[in-house]
Structure formats: C-alpha cells, structure tokens
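Visitor: after the sequence you'll find the predicted model.
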Amino acid sequence: MPIGDVLPEISVLVSAVVLLLAASFMRQQDHWRLAIGALASLFAAAVLCALQLGEPARLTFAGVWALDGASIWARLLILATTAICVALTPEWLRSDRRHGEYYAMLLLAALGAMLLAGAADLLQLVMAVLLSSVTGYTLAAYHRAWPLSVEAGMKYFLVGALTNTLLMIGVTLLFGLFGSTDYAQIAKAATGAPQIMALIGLTLVVVGVAFKLAAVPAHTWMPDVSEGAPPPAAAFLTVAPKIGAAIALARLVTIFPADVVAWRPLVATLAVATMTIGNLGALGQSDVRRLLGWSSISQSGYALMAVTAVGLNAQAIPALLFFLGAYAAANLAAFAAVTQLRGRTNLADYRGLATARPGIAAVLVVSFLSLVGIPPLGGFVGKLALFVTTIEAGYAWLAVIAVINTVVSLVYYLRVLGPVYFGDLDGPVPVLGGWAQKALYLATLLTIGLGILAEPLWSELGRVMLLP
Amino acid sequence: MLTLTILVPLIGALAILYVNEDRCRKVACVLGAIPLLLLIIAWIGFDTGAGAPVFQWVESYPWIPSLGVGWRMGVDGIALAIATMSALLFVAAIAWPAETQGRPRQYYAWFLFLEAVSLGVFLTLDLLLFYVFFDLSLVGLFFLIGRWGHGDAQRAALKFFVYTFAGSLAMLLAIIALVLTTDPVTFDMRELIARQPLAGMDVRGALVLLGFVIGLGIKTPFVPLHTWLPPAHVDAPGPASAILAGVLLKMGTYGLIRIPFSMMSATFARYAFALGIVAVVSILWGALVAMAQRDLKRRIAYTSVNHMGYSLLGIAAAGALVGGGEQAARQMALTGATVEMVAHGLITGSLFLICGVFWQRGREYDLQTYGGLAQVAPRLTGFAVLASFASLGLPGLAGFVAELQIFVGTFGVYPWLAAIGLVGILITAALFLQMLQQLFFGELPARWSDFSDLGRVETRMLTVLAVLVVVIGIYPVWLLTLINSTTAVLTGGP
Amino acid sequence: MNELSMVYGMGLAALLFLLGFIGVVIRRNTLFVLMCLEIMINAAGLAFIVAGARWSSPDGNTMFILIIAVAAAEAAIGLGLLLQLQKRFRTIDIDAASEMHG
C-alpha cells in the first residue's frame, strides 16, 4: 500500500499521540510548550501535504482516498486553521488541569476534518465524520466545570449522534442498492432511470454531512457550541469541519448523474434554507458569540451554492475553496478577537471598544466586513467567485437569494460594529496575551491579503479539479 | 497620475492617524487638495479636439488577471468634470470647521478615505473596481454619519448602509451577468463599451438593466427608492451631508451614463421612456414633498431628489434612440444632465454646509423657529440666497445652464415629459423663496439675537463654491467644451 | 440468502430504527435517549449485514464490526457528558439544561 500518500495524516496522528503522552508526563505549567510542538507538527504535515501538489491527481488505497487538488488544498486550509486555533489556546487554558491533552484532541479533530476532505468511499466518509464528531464533542465541553460548556457539548452530541445514525442508515441504503461503498463503483452502477430509493439514501447521507457543515436541517448545535464552547474551540469547530465537509459533500453528490438522482434541487434547497435561517437567527442576537454561530450557519449556506454548481462549470470547486479560505480567515479573526477580549460576549460589553482597544476594534471591522463581502477583503472575492459560478451554472435565482441574505446579514454585523465605534466606554477592557494577539493579527492579515492579493491563490486554485 | 489621485488621500488617511491632533485639519486639507491639483492638471492636459481618444490619461495594471480584473484608470469629459467638482467639494468639506467630538484624527482619516474611494468611482475604467469603490464609499460614510452625526445617528447610518448596500449588490449581480457574456471574461469598461455584449439578448438584457437601474437608482435616488435619503441627511454632520449630496448621489447618475447607457445602449433605448417617467415622477414628488417639510435639512434633501430627477430625465432622453437620430437634441440633454450633476454638487454642497452652520449655532433645523437672520448674519444670508437662487434655476447661475439644456434637449425627444417636468421648476422656486423668507426675513426671535455670522474659513470656502456657480452660469464654455467632447461620441454624433 | 429472509431482515431493521427514533424524539431523559440512539445504530448494523448478504459481499460484516466500535466510542463520550450534566445541573432531563437559547 502506498503509505506515502497519507504521510500528512500519519504525521498528524503520530504527533497527537506523542502530545498526549507528553502531556501526562509534563508539569501542568509547562503544558504551553506542547502548543509549540503542535504547531511544529502541523507545519510538518502542511509541508508534506504541499509536496503532494505536484503529483497527478489519483485515487489511492484501493480507491477510498482521493488525492486531487480539492483534497490537498482543503487539507492545507484545515491545517492552517488548526494552527491558528492552537495559537489561540495556551493563554486561554493556562489554568486548566488538562491543558496539554487539548492539543492532542485538536489534532485528532483536524485529522477527522482532513479525512472528510479526501473521502472517496462511503465507509471512509462515515469514519471521518465520526472521528471529527467524537473529538468535536469533547472540545465543545472542554470546560467541564462550566455548565454552559457542558450544555453545549451535550446538545452537540445529541444532534450529532442522531445525524450520524441517519448517515449510517443512508450509507446502508446506498450500499444495498449499488452493492458497493466505493464512489467510483457507485457511479458505474447508478445509471438509467431516476431512483427514488437512491435519492432517499443520498438525502440521509447529506443530512449526516450537513451536520458537520452546520447546514439545515442539522444546524441547531452551532449557536450553542459557538456560545458555550471555549472560544478557541469554537473558532475551530465553526471552521475546520466545514472545510472538510463541504469538499466531502461536493465529492459525494457528483457521483450521481443529475438525471438519476435529482441532487441539485436538494442541495440548492438546503443552501437557501441554511443561509436564510442562519441570517434570521442572527438578527435578534445580543450575544456576540451566539451571533457568530448563526452567521457561521448562513455562511455554510453560501458555500452550498458552489456545491450546487459543481459539475456545471469548472470554477465551482475553485470558488468553493476560495470562499472557504476567506471565510476561515475572517471567522478565525472574529473568534480570535473574542478570545483576546477574554471571551466577552454580551453585546452591551462591546460599547466603546474602539476607544479602549482600537486594534481589536479594527480587526472586528475587517472580519465582519469580509464576512459580509465588502471589497477589497477576502470575503468579497470569495462571494464574487460564488456568484460568478452560480450565475454561469444557470442558478441566477440562487444568487439573487444570496444577495438578499447578504443585505440582511449586514444589519446584524453592523449592530455589533455600531456600539464598538459609536458607544461610550464603561469599564476597563482586559485582554488575554501575546499568543492570541499574534493569531489575531495573522488571521486579519490573511483576510485582507486574500482580497488584495487574490491573484496568486486564485490562479493556482483555478486548475483544481475534483476526482473522478 | 490618476492612480496618484486616489493613492494620496488613501495613504494620507492612514498617515493622519499619527499626526498631532492640533495640526490634523491642516494636514488633511493639504492632502485633500492634492487630488484637486492633479485633476486640474489632467483637465488642462485633456484633449477635447475632434478625433481625440474618448478615454485619456489611461493607466492599466493587472490585479486578478484570471478574472479579467485590473487596476484600470482613465477619464472622459464627463468623468473628469464630475471628479474635479467632487475633489473641490471634498476640500471645502474637509476645511470646514467641524465638530470632531474629540477625535479629529479619525474624523479626517475617514474623510480622506472617502475622498479616495469617491474619486476612484469616477476615475476607474474597470467595472469590478467601480463596484469596489462604490461599496467602500458606503463604509466611509457609514462611519462618518454614525460617529459624528447627531440625533438618531446610528439608526440613520445603519439604514443608509443597508439600503444602499442592497442597491450595490443588485448592481453586482447585474455586473456579473453582463460580464459573463464576454469571452474571455473581462471587466474592462472600454472593451465592454466597444463590444456591447448584450446586444440581441432581450430577456437577459432587460434583467441586467433592471439590476443596474435598481442599484444605481437607490444611490441617485429616484422615487420610490429614496426613503433612506432624508434620515441620512438630517442626522449626518454638515460636511458629510454636503459630500453625500454633492458626490455620492452623483455616483448613481454617473454610473447610469457609464454602464447601461454606454455598454448596452440598445436595451437602454428600449426602456428609456420608462426611465423618463420615473424621472418626471422624481422631479414632481421631490419638489412637492420638499415643499411640505418644516425641517430645513429635510427640505434640501428632497430637492436633491428633484434635481437628480432632472439629470435622469436628460440621460433618459439622450439614450432614447440608438445611432444618429435627433443627435443634437440628445447630445444637449446629456450635456445638460452632466452639467446638472456638477452644478447640483456645488450648489447643494453649499446649501448643506450652510445647514451645518445652523446646527452648529442653533442645534435646530426647524424652519419655523428661525427668522430675520439677515439682520445678524448678512454674509450667511448672502450665500444662502445665492445658492437657493442657483438651485431654483435663476438665469446667470449654474443651475439654469444645466436645466435649460436638459429641457431643450428633452423637448426634442419626449416633449410631454419635458412639459410636465417644467412644473417641478415652478414648485422648487416657490419652496426656496418661502424658505429664504422664513429664515432670513421678518422678525428676529430674541433667542437668535447673538447668532454669529460666518467665520473666516467658512466664508472662504463658500466663496469659492459660489464663484464657480456664478462662473458656470455666465461663462460655461470651458465646462461645456470638455463635456461635449464626450457626449458627442456617446450620442453617436460626429 | 433468499428473498424472504431479506425482507424480514430489512423489516426488523426498519422496526428497530423506528423504535429508536421515536424514543429519541419523545424521551426527555438523556440516559434513555442514549439507549435509543444505540438501538438505532444497531438497526443500521443489522441492515448492513442483510445488504451485504444480498450482494454476497463481506463488506456488510466488516461494516457491522466498524459500527459496533463506533457505537462504543459514541456511548463513551455520551456517558461522560451525561455524568458532567448530572454534576452541573443535578438532573439528566435534557430540557433542564437549556440556559442558552435563541
């Protein structure tokens, strides 16, 4: 077996185990050193992953593992996201007794997301979803002495366990119909007349993946996790699994010809429902972390637009990847700001922030405006690419709905920025520390850079294709 | 050169955050005046002779070549006239002694930022860059209104941003739908004008035009898309109001000329009459509603709706036919529409700056509470009277030159629309005269007995604007030559 | 495997699934919810075996083993969370633990 094809994954796995062992032998106050170890291993994995870029796209491990541009870029994105989340952590968990184990858990969760991006077999998909979920529950409930965190973990778990079961049922159905779990084999078997059972099976699988994507109908955990989980974990959970899940979904649906299983209307419906429900949920929020959770749901809806267009034009996957990258940078910047502000979450507490912490206020402006899609930030180029690809694919109505939603989203983002800039300060604003600050500014620079210097990445992504 | 026009204020906006608070205003004035100088140089160097290229001072650098997007700059006569007027208005607004509420650095930084992106809208030759600047101007004004406005400023700023952002997104969709018909995809305006990519596509053309009209119409604004304008104006600080009326509203009409009018002239011609009706409705509605306002700023805000209606009427008439038919009349209408934009910028800019005076001294916009101010503030009275007369179209002032050409031109194409539109002028005259009478004549209420007249800087700035209004009114040839060189080409003339 | 027993097998799986699903939806006690989830997972496992038998492929059995392992992992996490829930909220009624909403 070509072990070399999964070297990045192996390196992440091995480092996770090493970190876990090291954490049990080190003194608690030295655990922050493990963050450096985690960063180093992520960097190593990223280098190994980048080395695969030059190779021709192919399926390995008996066809269960896709090694194409989409999976490589998505995994690079996940590794970068994880690195920023690692950097947010040391100060936040300084006094936590299990500080060190957190990094191991984070690496395993990242591994789950990476497996999602490369899954070319239903079984592999199930494994990836489960690995990413099981570690996700733990991350969400990491502050086990804090009721909100436990509640977030429990709600996350219940939604997750249910949708994972549905996913398995769906996989069973597809397996029963087509006699294989391998995407290529299913694609060969799925021809001819429309098949209602296949549509049901696919729908159930899509629900399972939608859970990772925080898309309707499995989105309800996102606001709770966003509010209750420790902010560094929330930053991770709102971004990394999504990247993997979006690619997994694109890979999954395209194995079916649109006339056998009508998946395009299905995905388009989910896209509309997700962005609309996410935005409506965010409108009334007075809790910034919860608001970010809802906004993150709506962003998944935009990402689903690109999935709808996959296969209709060559720009869909590049647009999806670029959008995810821009979203990741902006959302990480927002959560980094919350983390740096020691988790302050009540909207009223943000009044006058621009006076006390002009830097963090500016970061909030950049990240929120990027999430809206104001040029020349990364989010704008991402959304532009999405609109271009959907309109070109003949789904102009979807773009119109996305535009209406974008306008609605502007309202709640401005409801945060308004007090930040126009309100009066009423109290000191303590911040966390140097690690979080560096992560904060890195994510912000990436958000700006992805917009102004979009060309190199865009032309690189433009060649990315999806197997098979 | 044009790039420098944008970069100087943009970099200045960052740099000014590190300038000593006492010197902020001076530095900002100097930085804000550099684009004006550059644009005047560009004007002098602009070739208006027959056969000269339409777009001059062209610069082009790649930005996202794989999407066909580039940093493309260049001006034609229309853009140059409006951009120069905008730069002048910005200098006046920046120099205007404003209440910076203890944050002069941020205030002037946002103003310089707004200047850079506003000029960018007029100077760019790339459709995507146009959108970028168009959107960024919203961000700049959002912060200016929200932070330095008064009354319910946050709400007004939010409404302004959301409303106009909806418009710009509608425009973005239209831009994408327009651009996707080219192959390879390009956002280069010159290419798009030359190719007329939507010619022959009826449904798509109509939808794209609808997107542009909604997007640009919210900004202009036309009735019924204007409801964001009054609150934004009322709660904005005086100089920001002047910029909003004088510069940002022009982006709408300028965009109409630059994009649908030039790039899809066949589709535009088919729906020009409908646009003309919208224009007449805006003219009448704006005038009538303005008449009913007791609030000084609200009243002037509604006259903006009325005046932009004239401009739209001229554009609609000019685009009514493709090719050479009625060329002279259509060219006159388009020239008039452009002069109207310049004149309205100068006149309404001054009027809003004058409104700012009232707020600073009186904290009150209600017309009824004022009276007899001519006794205590003769200079203010003089400028207000001049600007109002110019606004209602008195011969010898800038507004007259513009409106005369628009109506004469429109008579050649849509006589009935022009006739109905003329009623608007009568109403405007009535409402301005009534306003002047209320503010400056009659009995002086005791509470205003110590109302101070204009200061030195205020007088100077208003003098510059007023002189231009008079000069354009009496001797407009220098402006018309520049504008005509472009409108002739756009209307298919020689 | 003949057609008849396949129908029985699938029927049983569907029945188990439905049973579990109803339990998840109507029970408020988290412990019972967890048990119902286990039932659903086992329904999926059973269906896998039946489907594997239809295609006479060993995949079905492989997947069953995998699912058992997964169910165990999930149950472990779920019970861990349940303990914490009991500690913090003094109850395992899922509706009691809803300080966050909206």
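Guide: Done, it's in. Residues are numbered from 1 along each chain as shown, chains lettered A, B, ... in the order given.
Visitor: return the set of buried residues in the helix or strand containing A:L42.
Guide: A:L42 is part of helix A:32-51, with elements assigned from DSSP states H and E. By neighbour count with 16 or more other C-beta atoms under 10 Å in any protein chain shown, helix A:32-51 contains the buried residues A:32, A:34-35, A:37-39, A:41-42, A:44-46, A:48-49. Placement of C-beta: from N, CA and C, glycine included.
Visitor: now the strands for the stretch 51-200 of chain A?
Guide: Secondary structure of the stretch 51-200 of chain A, counting by DSSP state E, counting those that start in this stretch: strands at A:58-60, A:65-67.
Visitor: let me see the mean pLDDT of the last one.
Guide: On average, the pLDDT along strand A:65-67 is 89.
Visitor: re earlier: I'd like the strands of the stretch 51-200 of chain A as TSV, with distance to chain B appended.
Guide: Formatted as TSV, the strands of the stretch 51-200 of chain A follow (distance: least, C-beta to the nearest C-beta, whole Å):
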stretch	distance to chain B
strand A:58-60	26
strand A:65-67	24
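Visitor: need the contact list for residue 96.
Guide: Since you didn't name a chain, this refers to chain A. By C-beta atoms under 8 Å, 6 or more residues apart in numbering or on different chains, the contact list for A:D96 reads A:102, A:142-143.
Visitor: my question was about chain C
Guide: With C-beta under 8 Å, 6+ apart as the criterion, the residues that contact C:A96 are C:F89.
Visitor: how about A:V159?
Guide: The neighbours of A:V159, taking C-beta under 8 Å, 6+ apart as the test, are A:211, A:218, A:220-221.
Visitor: tell me which of those fall in helices.
Guide: A:211, A:221 (DSSP state H).
Visitor: now the two most distant members of the contacts of A:V159.
Guide: Spatially, the most separated pair among the contacts of A:V159 is A:F211 and A:T220, at 9.8 Å (C-beta to C-beta).
Visitor: picking that back up, tell me the one of the buried residues of helix A:32-51 nearest chain B?
Guide: A:C49 (23.5 Å; C-beta to the nearest C-beta).
Visitor: for that closest one, which non-adjacent residue is spatially closest?
Guide: Leaving aside its sequence neighbours, A:C49 sits nearest to A:P8 (C-beta to C-beta, 6 or more residues apart in numbering or on different chains; 4.3 Å).
Visitor: now name the helix or strand holding the one you found.
Guide: Short version: A:P8 belongs to helix A:7-25, going by DSSP H and E.
Visitor: could you tell me the angle between that helix and helix A:32-51?
Guide: Using axes from the mean of the first three to the mean of the last three C-alpha atoms, to 10 degrees, the inter-axis angle of helix A:7-25 relative to helix A:32-51 is 170 degrees.
Visitor: show me the longest strand that occurs in chain B.
Guide: Longest strand in chain B by number of residues, with DSSP state E as the criterion: strand B:56-64.
Visitor: all helices for the stretch 251-400 of chain A, in order.
Guide: Per DSSP state H, counting those that start in this stretch, the stretch 251-400 of chain A carries helices over the ranges A:263-283, A:288-309, A:316-340, A:353-356, A:358-372, A:378-392, A:396-422.
Visitor: swap that for chain C, sorry
Guide: Shown for chain C, the helices assigned by DSSP H span residues C:3-26, C:30-54, C:59-89.
Visitor: can you add mean pLDDT and give those back as TSV?
Guide: Written out in TSV, the entries for the helices of chain C read as follows (pLDDT from 0 to 100):
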stretch	mean pLDDT
helix C:3-26	86
helix C:30-54	88
helix C:59-89	87
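Visitor: so of these, which one's packed in deepest?
Guide: Taking mean count of other C-beta atoms under 10 Å in any protein chain shown as the contact definition, the stretch among those with the greatest mean neighbour count is helix C:30-54, which reaches a mean of 22.
Visitor: how distant is that one from the center of its chain?
Guide: Counting by C-alpha atoms, centre = their mean, to the nearest Å, helix C:30-54 is centred 5 Å from the centre of its parent chain.
Visitor: what residue in the stretch 1-150 of chain A comes nearest to chain B?
Guide: Distances between the stretch 1-150 of chain A and chain B by C-beta to the nearest C-beta are smallest at A:G69, namely 15.2 Å.
Visitor: pLDDT score for the closest residue to that residue other than its chain neighbours?
Guide: Sequence neighbours aside, A:V464 is the residue nearest to A:G69 in space, at 3.3 Å (criterion: C-beta to C-beta, 6+ apart). What the model reports as pLDDT for A:V464 is 81.
Visitor: contact partners for A:V464?
Guide: A:68-70, A:73, A:317-318, A:321.
Visitor: so what strands line up beside the longest strand of chain B?
Guide: On the basis of DSSP bridges, the sheet neighbours of strand B:56-64 come out as strand B:69-75 (antiparallel).
Visitor: now the partner strand - C-alpha only, PDB.
Guide: The C-alpha coordinates for strand B:69-75 follow below in PDB (Å, rounded to 0.1, in the frame of the first residue of the first chain):
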ATOM      1  CA  VAL B  69      -9.900  42.400 -13.400                       C
ATOM      2  CA  GLY B  70      -7.300  45.100 -13.500                       C
ATOM      3  CA  TRP B  71      -6.400  48.400 -11.900                       C
ATOM      4  CA  ARG B  72      -7.600  50.500 -14.900                       C
ATOM      5  CA  MET B  73      -7.800  54.200 -14.700                       C
ATOM      6  CA  GLY B  74      -8.800  56.800 -17.200                       C
ATOM      7  CA  VAL B  75     -11.200  59.700 -17.700                       C
END
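Visitor: which residues touch that strand?
Guide: Surrounding strand B:69-75, the residues in contact under the criterion C-beta under 8 Å, 6+ apart are B:2-3, B:6, B:42, B:46, B:55-64, B:83, B:122-126, B:128-129, B:187-190.
Visitor: coming back round to it: give me the helices and strands touching the helix holding A:L42, please.
Guide: For helix A:32-51, the contact count by 3 or more C-beta pairs under 8 Å, 6 or more residues apart in numbering or on different chains; DSSP states H and E identifies helix A:7-25, helix A:69-92, helix A:99-118 as packing neighbours.
Visitor: kind regards, and thank you for your time.
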